[in-house]
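S.K.: Predicted model, plus sequence, below.
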Amino acid sequence: MAVIDFFDKGWASAPTAVAYRTVDEAWTYDDAGRMSCRIAHALLREGITKETPVAVLSPNAPLAWICVLGIWRSGAAWVPLNPGSPAADNAALIERFDVELILYDTSLADDVAAIEAAYPRVRAFALDTSTDTAVSNSWIGDAPDTPVDVVYNLNDVVALMPTGGTTGFPKGVMNTHRSLSVMVVHQMLALSYDDGEPIVNLVAAPMTHTAGLLTLQTTARGGTVAIIERAAPDLILDAISEFGVTDLFLPPTVVYRLLDVLEHRDADTSSLRYLLYGAAPMSVDKLRAGVNRLGSVFLQLYGQVEAPAGIAFLRPSEHLVGGELAPDDRLSSCGRPYPLVSLRVVDPITDLPVAPGTTGEICVRGDLVMKGYYKDPEKTAEAIVDGWLHTGDLGHLDETGYLHLTDRRKDLIITGGFNVYPNEVEQVIWTHPSVEDCAVVGAPDDDWGERVTAVVELKPNHTVDAEELIALCRQKLGGVRTPKRVFFVDSLPRSVNGKVLKKDVRAQFWADSGRAI
């Protein structure tokens, strides 16, 4: 299927139903579908051809996502730009990915003006996302609101998406109709709904990343996508109650803050069927607290931009065993692989599969996998070998087929010749009731090579000293994996998508060392 077909299925089945809404506006499927057609015609009139990179720069808003639909309908490739990123970072992506045209919200006009000045070849058209009409979007003009005459090929690139940038400058991941279609099918299998059952997906995290793509399974079924501008816990809880939200995606950091807020306020979350979490490791302790507070609604997604949101999943029912919370080794797993991917764990040196329980690099194969990295054949060849995507993640499969993610290969700490996986240490630190979040990295050490170091963010109005956390880790982990130093910060550095930027945490310790390992 072409990726636009998933929206069109909902449009055909429920034209008068609400497809997208906020507190202030609502777009029916017919409204959104016709507008996406007008946008597609306008792009084609501007000379945009198949696979041409077209960027959208906007806060979360229905019209911004309808622009993505219009880009797909025209056959062009969507380049997501995050409004929370520095303007210079977005400009670098525009240059690196050869973006020809930007559709932007008027609130970001200054950023776009600077981009246009630096890159005169780039055309930019403003959107006014505060209105549900095309009156203020004059670039669309008299473009017809009927489908365009474009033939789609499943291998056409429809999304040129930057990698997370947690370990270096983002690469451009080329996802196709084929790879995104498999992602949507996987989510429709994971989030089961009966015919006629209300479906309301809440977009709180940036639509420029996973949260936007996860709307496709909702509109394919004729459901409603409710959109809020940012992932603030109080706004999320209000939206769940007001819109009757049935599913939403949040990174772990936001889940932690949501649980903190629920300690001090009541909220009606009875409509919630699925709280999807992913993009970073989740504290098992906080996951237990979440299930106890919100019920059996948590669903873990494991994937990456190169295999979007669909490598493995842990169903809500799998968080329980015999009606009770599952043991730690189940809750800390990523679940089992989705049905339309093959997965194996290989030795990082020999590239041969390893036995269950043995740590190696996680590799996946199937139609979910990206086409490659944009204009980077060397990196593509490193990542995809004989059809297998080497994810860069370390982990193991247990005897029952559950996947356990240990860490990123690049995050591995080698101290005194021993391998230390930061996530193992972070899981212990997260158990302390005063800890909001933490990042464990290797710092330079003349004797050990690297010194296990923890950087900790505390909950508001909580205190704990370094010695207490070190003692906790020593009791649970032994001497080698115990942090030698603990530093406290007001806030850990995070990407605009909520991931802790370990490269930034690590860099502060290595800046004056004269070496990187």
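M.R.: Nice, thanks for sending it over. Residues are numbered from 1 along each chain as shown.

S.K.: quick one, strands of the stretch 251-400 of the chain?
M.R.: 274-277, 298-304, 307-314, 320-321, 324-325, 336-337, 342-346, 360-365, 372-373, 384-385, 388-397 (DSSP state E, counting those that start in this stretch).

S.K.: Is it correct that Pro83 falls within a helix?
M.R.: No: per DSSP: H, G, I helix; E, B strand; the rest coil, Pro83 lies outside any helix segment and is coil.

S.K.: you'd agree it is up against Leu108?
M.R.: Yes: contact criterion Cβ atoms under 8 Å: Pro83 and Leu108 qualify, at 6.0 Å. C-beta coordinates here come from the backbone N, C-alpha and C atoms, glycine included.

S.K.: List the residues that are in contact with both of these two.
M.R.: Leu57, Ser58 (Cβ atoms under 8 Å, 6 or more residues apart in numbering).

S.K.: Run through the residues that contact Val425.
M.R.: Val440, Val452, Ala454, Cys473, Leu477, Arg481, Thr482, Pro483.

S.K.: In strands, which of those residues appear?
M.R.: In strands, judged by DSSP state E, the following of those are found: Val440, Val452, Ala454.

S.K.: helices and strands of this protein: which one has the lowest mean pLDDT?
M.R.: Every helix and strand in the chain was compared by mean pLDDT, DSSP states H and E; the lowest is strand 418-420, with a mean of 85.

S.K.: For the helix or strand hosting Gly442, give me every contacting residue.
M.R.: Assigned by DSSP states H and E, Gly442 falls within strand 435-445. With contact meaning Cβ under 8 Å, 6+ apart, strand 435-445 is reached by 253, 256-257, 260, 411, 413-415, 420, 422-423, 425-426, 429-430, 450-459, 462, 464, 469, 483-485, 492, 500, 502, 505-506, 509-510, 513, 515.

S.K.: Show me which of those residues are buried.
M.R.: Using 16 or more other Cβ atoms under 10 Å as the burial test, these include 253, 256-257, 411, 413, 415, 420, 422-423, 425-426, 429-430, 450-459, 464, 469, 483, 492, 500, 502, 505-506, 509-510 as buried.

S.K.: Identify the residue nearest the residue in the chain sticking out farthest from the centre in space, chain neighbours excluded?
M.R.: Within the chain, Asp447 marks the point farthest from the mean C-alpha position, 38.3 Å out by Cα atoms, centre = their mean. Ranked by Cβ to Cβ, 6 or more residues apart in numbering and with sequence neighbours excluded, the top spatial neighbour of Asp447 is Gly416, at 7.8 Å.

S.K.: all helices of the stretch 51-200 of the chain, in order?
M.R.: Under the criterion DSSP state H, counting those that start in this stretch, helices of the stretch 51-200 of the chain are mapped to 62-74, 87-96, 109-118, 177-190.

S.K.: Can you name every helix or strand that the second one contacts?
M.R.: Contacts defined by 3 or more Cβ pairs under 8 Å, 6 or more residues apart in numbering; DSSP states H and E place helix 87-96 against strand 53-57, strand 77-81, helix 109-118.

S.K.: ranking these by mean pLDDT, which is last?
M.R.: Of all these, the minimum mean pLDDT falls on helix 109-118 (a mean of 89).

S.K.: List the buried residues for it?
M.R.: Residues of helix 109-118 classed as buried: Asp111, Val112, Ile115 (neighbour count, 16+ other Cβ under 10 Å).

S.K.: Likewise for stretch 180-197?
M.R.: Here stretch 180-197 shows Leu180, Ser181, Val182, Met183, Val184, Val185, His186, Gln187, Met188, Ala190, Leu191, Tyr193 as buried, counting by 16+ other Cβ under 10 Å.

S.K.: list the contacts for Val480?
M.R.: Taking Cβ under 8 Å, 6+ apart, one finds Thr415, Gly416, Phe418, Val420, Val452 in contact with Val480.

S.K.: ok, the buried residues of helix 109-118 vs Ala289, which is closest?
M.R.: The nearest member of those to Ala289, counting by Cβ to Cβ, is Asp111 at 39.0 Å.

S.K.: Quick check: the closest one touching Asn90?
M.R.: Yes: under the criterion of Cβ under 8 Å, Asp111 makes contact with Asn90 at 6.9 Å.

S.K.: Need the overlap of contacts for those two.
M.R.: Contact criterion Cβ under 8 Å, 6+ apart; residues shared by Asp111 and Asn90: Leu57.

S.K.: Below-threshold pLDDT in the stretch 51-200 of the chain: ranges please.
M.R.: For the stretch 51-200 of the chain, applying pLDDT under 70 flags the ranges 129-137, 164-168.

S.K.: of the ones in strands among the contacts of Val425, closest to Cys37?
M.R.: Nearest to Cys37, judged by Cβ to Cβ, of the ones in strands among the contacts of Val425 is Val440 at 50.1 Å.

S.K.: And that closest one, how far from Arg257?
M.R.: Distance, Val440 to Arg257, using Cβ to Cβ, to the nearest Å: 20 Å.

S.K.: and if you look at Ala26?
M.R.: In this view, Ala26 and Arg257 are 28 Å apart by Cβ to Cβ.

S.K.: Tyr193 too?
M.R.: Distance from Tyr193 to Arg257, counting by Cβ to Cβ: 28 Å.

S.K.: same deal with Glu263?
M.R.: Glu263 is 11 Å from Arg257, where distance means Cβ to Cβ.

S.K.: likewise Val54?
M.R.: 34 Å.

S.K.: Please apply the same query to Val184.
M.R.: With distances taken as Cβ to Cβ, Val184 is found 29 Å from Arg257.

S.K.: what's the answer for Ala443, then?
M.R.: The value you get for Ala443 to Arg257, if Cβ to Cβ is used, is 28 Å.

S.K.: next one: Ile94
M.R.: Applying Cβ to Cβ to Ile94 and Arg257 gives a distance of 32 Å.

S.K.: which non-adjacent residue is nearest the residue most central in space within the chain?
M.R.: By Cα atoms, centre = their mean, the chain has its centre lying nearest to Thr210, at 3.8 Å. Of all residues not flanking Thr210 in the chain, Ala309 sits nearest, at 5.5 Å (Cβ to Cβ, 6+ apart).

S.K.: and the one you found, how many residues sit next to it?
M.R.: Residues within reach of Ala309, counting by other Cβ atoms under 10 Å, total 27.

S.K.: do the same with Thr269
M.R.: With other Cβ under 10 Å as criterion, Thr269 counts 18.

S.K.: In contact with the nearest residue to it once chain neighbours are set aside, which residues?
M.R.: Using Cβ to Cβ, 6+ apart and skipping residues adjacent in sequence, the residue nearest Thr269 is Ile240, 5.4 Å away. Counting by Cβ under 8 Å, 6+ apart, Ile240 touches Leu202, Leu248, Ala267, Asp268, Thr269, Ser271, Leu272.

S.K.: Which strand or helix spans Ile240?
M.R.: Here Ile240, judged by DSSP H and E, is contained in helix 233-243.

S.K.: which is the next helix or strand following that helix?
M.R.: strand 247-250.

S.K.: So what touches that next one?
M.R.: With contacts defined as Cβ under 8 Å, 6+ apart, strand 247-250 is touched by 191, 199-205, 210-211, 214, 218, 231, 236, 240, 258, 272-278, 301.

S.K.: One more pass at 6 Å, please.
M.R.: Applying Cβ atoms under 6 Å, 6 or more residues apart in numbering, the external contacts of strand 247-250 come out as Leu191, Asn201, Leu202, Thr210, Ala211, Leu214, Arg273, Tyr274, Leu276, Tyr277.

S.K.: least trustworthy position among these, going by pLDDT?
M.R.: Minimum pLDDT for the contacts of strand 247-250 is recorded at Thr210 (86).
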